[in-house]
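*Asks:* Build me a structure from this.
(chains A and B)
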Amino acid sequence: MAYHNPDGVMIGLEIHVQLNKLNTKMFCGCSTKYHNDEPNSHVCPVCLGLPGSLPVINEKAVEAAMKIGLALNCEIVPQTQFHRKNYYYPDLPKGFQTTQYDFPIASEGKVFIEGEDGEHVIGITRAHMEEDPGRLLHIGSIDKSKGTMIDYNRSGMALIEIVSEPDMRSPKEARRFLDKLRNIIEYLDVCDTTLEGAMRFDANVSIGGGSRAEVKNISSHKGAERALLFEIVRQKNLLRRGGTVVQETRHFDEARGVTISLRTKEQEHDYRYFPEPDLVPMRVADRTAKVAETLPELPDAKRERFTKEYGMADMHAKALTSEIRTADFYEEVAAKIDAKICTPWVADVLKGELNYRDLTVESFKVDDMVEIIEMVTQDKITEKSAVDVIRAILDSGGSATDIVKEKGLIKVEDDVVSTAVLEVIKENEAAVTDYLGGKEQSLNFLVGQVMKKTRGRADAVQAREMVLASLNK
Amino acid sequence: MITKDEVEHVGWLARIEIDEQDADSYAAHLNTVLEYFGQLDEVDMENVDPTYHVMDVVNVFRKDVVTESLTQEEALENTKSRQDGHFKAPKIM
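*Replies:* Have a look, this model is predicted:
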């Protein structure tokens, strides 16, 4: 069924991706590995903006930008260059940000997401390169601030800003787009998205063709969904009361879940963009084919291959390819165990248990997964015990073999179960009579007793059959 | 024409205080410069490619290799305004 978008919601996103997997910053040789270090210990005359210093472009950053552009199905422009965006703020030591203006390195791409009504295309306006500003810390609370402390370790880190078309029709679609984008970025191996500040978002929101508000300071996918929900309701209420939405910048207060108007006196032309005279233009389009060769198999392609190669349902292929780590994990397991058998164990059981605990697949070993599935297929443990082993590994560690031994999960032989069945029938005459008299629940009680006697090691389905067989004799 | 208000606005953007007398005189000076640029507009540029850089050079890159950074002490050496290893600036919000 087609989605009608009753409020005429249009959402566009700007995503900053920090290229923290590079060794060095965008324009200088300072290391990018500052996350656990002292403030202002990864700085040099270039990223501190000292007079007389000269920036030089990191070739790997250009390659990473091209990779991102290509992965988003963009065109790489024949010639691109940097501009200076001038504004005064203590996080920019030079008084301007080095960024791209009218010739972004990549433009006109598209990304496919699961929309409100099936597959939905989100246009990518552009992806451009720029430098990260420093980090500001307010001394005391913001309203009673006594001053600002500045750490320039982040200053000059390479960023890619991805700008989408306003093609998302609900906060849910915005979140799906962000999830998809994060997956692609992780596949490309250009950014460790788990590091602080690795991906940051701004959103443009309008309803019913009205003016758009820009919401800044969104730092998580969940935050994005909440900020957008709040903003849409705010605009709807404003219109209902006869007001009009004004074009403005709003700040998302994550703790309170609200957006607040920011009065800015600066406008686009106040940035006085002009070509950066310290950097010469780049002509890299002829490298496109070579960079394209280095692209890994991306999520959409992998999903399609999984359905064909492993004969799995699209639902499973989607679950397994949404993160490259899960996809790699699955393929290692599938190399050892028939895909038909291992697919539900990884895609449904393991992934479900991981999601429940907010863990990633790195918390589990391929060998343990293989061993657990083999124990089930060789009829050594029950499926239920297998799930218990997976849970135990995730909750308290240990290997599959040890846990099976410790918990005594090895399935008991049939004759032990038969003995238990006979004993239970002898000891519970009342329940047997009830069952024979037509009381179905009594069967469950009897099977429960058998499971109790065998300490859960019997297969419940099998135990039930054996109880039934004995009763019907 | 550049007005006194525009001079003051540009001064604000650069966080430079410009007093009224100066603003008048700067406006006059800047208008002279603008007139000079006006002369350039008269040149026929029909078949000339735009210039993005004065040097006809492209693709100047460096390898992604770490070089030594300054120490925190060296980085903060030129300021008296510091706190806990940070530069300290006036409050901004």
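
*Asks:* Please make it C-alpha for all contacts and neighbour counts, starting now.
*Replies:* Will do.

*Asks:* Burial check on the residue in chain B that chain A sits nearest to, number of neighbours?
*Replies:* Residue nearest to chain A within chain B (CA to the nearest CA): B:K91, separated by 3.8 Å. Residues lying near B:K91 (other CA atoms under 10 Å in any protein chain shown) number 17.

*Asks:* Double-check it against A:K146; I have them as touching.
*Replies:* Yes. Taking contacts as CA atoms under 8 Å, B:K91 lies within contact range of A:K146: 5.9 Å.

*Asks:* in the chain, which helix has the most residues?
*Replies:* The chain I'm using is chain A. Using DSSP state H, we find that the single longest helix of chain A is helix A:221-240.

*Asks:* my bad, the chain I had in mind was chain B
*Replies:* Using DSSP H, we find that the single longest helix of chain B is helix B:20-41.

*Asks:* what about the following helix or strand past that helix and chain A, touching?
*Replies:* Counting by DSSP states H and E, the element after helix B:20-41 in chain order, helix or strand, is strand B:61-62. Yes. Contact between strand B:61-62 and chain A is present through B:61-62 (criterion: CA under 8 Å from any CA of the partner chain).

*Asks:* So which elements touch strand B:61-62?
*Replies:* Judged by 3 or more CA pairs under 8 Å, 6 or more residues apart in numbering or on different chains; DSSP states H and E, strand B:61-62 is in contact with strand A:57-58.

*Asks:* can you list the residues that contact the strand it packs on?
*Replies:* With contacts defined as CA atoms under 8 Å, 6 or more residues apart in numbering or on different chains, strand A:57-58 is touched by A:24-28, A:279, B:60-64.

*Asks:* and that strand, how far from the chain's centre?
*Replies:* 28 Å (CA atoms, centre = their mean, to the nearest Å).

*Asks:* The lengthiest strand in chain B - contacts with which helices or strands?
*Replies:* Secondary structure of chain B read by DSSP state E shows that its longest strand is strand B:86-89. For strand B:86-89, the elements it packs on are strand A:147-151, judged by 3+ CA pairs under 8 Å, 6+ apart.

*Asks:* Check which residues of stretch A:341-359 are buried.
*Replies:* Across stretch A:341-359, burial judged by 16 or more other CA atoms under 10 Å in any protein chain shown covers A:342-343, A:345-347, A:350-351, A:353-354.

*Asks:* Straight-line length of it, end to end?
*Replies:* Its start and end residues considered, stretch A:341-359 measures 23 Å (CA to CA, to the nearest Å).

*Asks:* where does chain B dip in pLDDT?
*Replies:* Applying pLDDT under 70 to chain B picks out residues B:93.

*Asks:* Get me the contact residues on it for chain A.
*Replies:* Counting by CA under 8 Å from any CA, chain B comes close to chain A at B:13-15, B:52-53, B:55, B:57-72, B:75, B:82-83, B:85-93.

*Asks:* Is it possible to get JSON lines of the contacts of strand A:57-58 that adds neighbour count and distance to A:I113?
*Replies:* Output for the contacts of strand A:57-58, formatted as JSON lines (neighbours: other CA atoms under 10 Å in any protein chain shown; distance: CA to CA, whole Å):
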{"residue": "A:T24", "neighbour count": "25", "distance to A:I113": "33"}
{"residue": "A:K25", "neighbour count": "31", "distance to A:I113": "32"}
{"residue": "A:M26", "neighbour count": "31", "distance to A:I113": "31"}
{"residue": "A:F27", "neighbour count": "25", "distance to A:I113": "34"}
{"residue": "A:C28", "neighbour count": "26", "distance to A:I113": "37"}
{"residue": "A:L279", "neighbour count": "22", "distance to A:I113": "37"}
{"residue": "B:V60", "neighbour count": "13", "distance to A:I113": "38"}
{"residue": "B:F61", "neighbour count": "18", "distance to A:I113": "36"}
{"residue": "B:R62", "neighbour count": "16", "distance to A:I113": "37"}
{"residue": "B:K63", "neighbour count": "14", "distance to A:I113": "36"}
{"residue": "B:D64", "neighbour count": "21", "distance to A:I113": "34"}
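
*Asks:* now the spatially most central residue of chain B, nearest residue through space, not along the chain?
*Replies:* The residue lying closest to the centre of chain B (CA atoms, centre = their mean) is B:A14, at 8.2 Å. Spatial nearest neighbour of B:A14, chain neighbours left out: A:Y88 (6.3 Å); criterion: CA to CA, 6 or more residues apart in numbering or on different chains.

*Asks:* was I right about A:Q247 contacting A:R212?
*Replies:* Yes. A:Q247 is in contact with A:R212 according to CA under 8 Å; the separation is 5.3 Å.

*Asks:* These two - which one has more neighbours?
*Replies:* Shown here are A:Q247 and A:R212; by other CA under 10 Å, A:R212 has more neighbours (20 against 14).

*Asks:* Now that one: closest residue in space, sequence neighbours ignored.
*Replies:* A:S206 (4.4 Å).

*Asks:* Contact partners for that neighbour?
*Replies:* A:S206 neighbours (CA under 8 Å, 6+ apart): A:8-11, A:212-213, A:232, A:235.

*Asks:* For the longest helix of chain B, buried residues please.
*Replies:* Under the neighbour-count criterion of 16+ other CA under 10 Å, helix B:20-41 has B:23-24, B:26-28 buried.

*Asks:* helices and strands around that helix, which ones?
*Replies:* The contact analysis (3+ CA pairs under 8 Å, 6+ apart) places helix B:20-41 against helix B:4-13.

*Asks:* helices or strands up against the helix it packs on?
*Replies:* For helix B:4-13, the packing partners by 3+ CA pairs under 8 Å, 6+ apart come out as helix B:20-41.

*Asks:* so how far is the helix it packs on from its chain's centroid?
*Replies:* Per CA atoms, centre = their mean, the centroid offset for helix B:20-41 relative to its chain is 18 Å.

*Asks:* Give me the residues contacting that helix.
*Replies:* With contacts defined as CA under 8 Å, 6+ apart, helix B:20-41 is touched by B:1-4, B:7-8.

*Asks:* Read off the pLDDT value for the closest residue to chain B within the stretch 51-200 of chain A.
*Replies:* For the stretch 51-200 of chain A and chain B, the shortest gap (CA to the nearest CA) falls at A:G147, measuring 3.8 Å. Looking at A:G147, its pLDDT stands at 87.

*Asks:* sorry, back to before: out of the residues of chain B next to chain A, which are buried?
*Replies:* B:13, B:52-53, B:58-59, B:61-62, B:64, B:69-70, B:72, B:75, B:85-89, B:91.

*Asks:* For A:F96, give me its contacts.
*Replies:* For A:F96, the contact set (CA under 8 Å, 6+ apart) comprises A:84-88.
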